[in-house]
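Peer 1: Curious how this folds, go ahead:
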Amino acid sequence: MTEKIIGVGIIWNKQGQILIDRRRQDGILGGLWEFPGGKIEQGETVEDCIKREIWEELGIAIKVGQHLITISHTYSHLHVTLIVHHCQYTDGIPQPIECDEICWVTLEEIDKFSFPEANFQIIAALRQVG
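Peer 2: Numbers count the residues shown, from 1 in each chain. Down below sits the predicted model:
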């Protein structure tokens, strides 16, 4: 089974909204919404991974902050470890470079969006600190 360690950013704006993106339809878990991030490269810190992935996927600069939660989850085809950090949006205009769509949402609105199963624990952790 494939295993991936993924740095995930919970990107907050000054209005208290979180940036989410919709996975491409033709990929794994296609069409579902997620918190942006990606695979940690060899020799890369979690913080550097999150900054790089957010820049590559959305074209924005962020400041990586406090660790929120680490989740280990097994899907039928893949085991993932998600290392999740709060991030502050600092510069640029978010663009759907490597996803189908992006959206700023509040925690109250987040249940209107379909997420992969592993993300439910992230949402629960956000509600606990929120």
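
Peer 1: tell me which strands and helices the helix or strand where Val80 lies is in contact with?
Peer 2: Per DSSP states H and E: Val80 is located in strand 78-91. Applying 3 or more CB pairs under 8 Å, 6 or more residues apart in numbering; DSSP states H and E, we find strand 78-91 packed against strand 2-12, helix 46-58, strand 61-74, helix 119-129. Backbone N, C-alpha and C define where each C-beta goes, glycine included.

Peer 1: Mean pLDDT for those - can I get that in CSV?
Peer 2: Shown next, in CSV, are these (pLDDT from 0 to 100):
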stretch, mean pLDDT
strand 2-12, 95
helix 46-58, 97
strand 61-74, 97
helix 119-129, 94
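
Peer 1: Might you calculate how far the strand holding Val80 sits from the centre of the chain?
Peer 2: Strand 78-91 has its C-alpha centroid displaced from the chain centroid by 5 Å (CA atoms, centre = their mean, to the nearest Å).

Peer 1: average model confidence for it?
Peer 2: Strand 78-91 comes out with an average pLDDT of 95.

Peer 1: distance of the residue nearest the centre of the chain from Gln42?
Peer 2: The centroid of the chain falls nearest to Phe35 when counting by CA atoms, centre = their mean (2.3 Å). Phe35 is 23 Å from Gln42, where distance means CB to CB, to the nearest Å.
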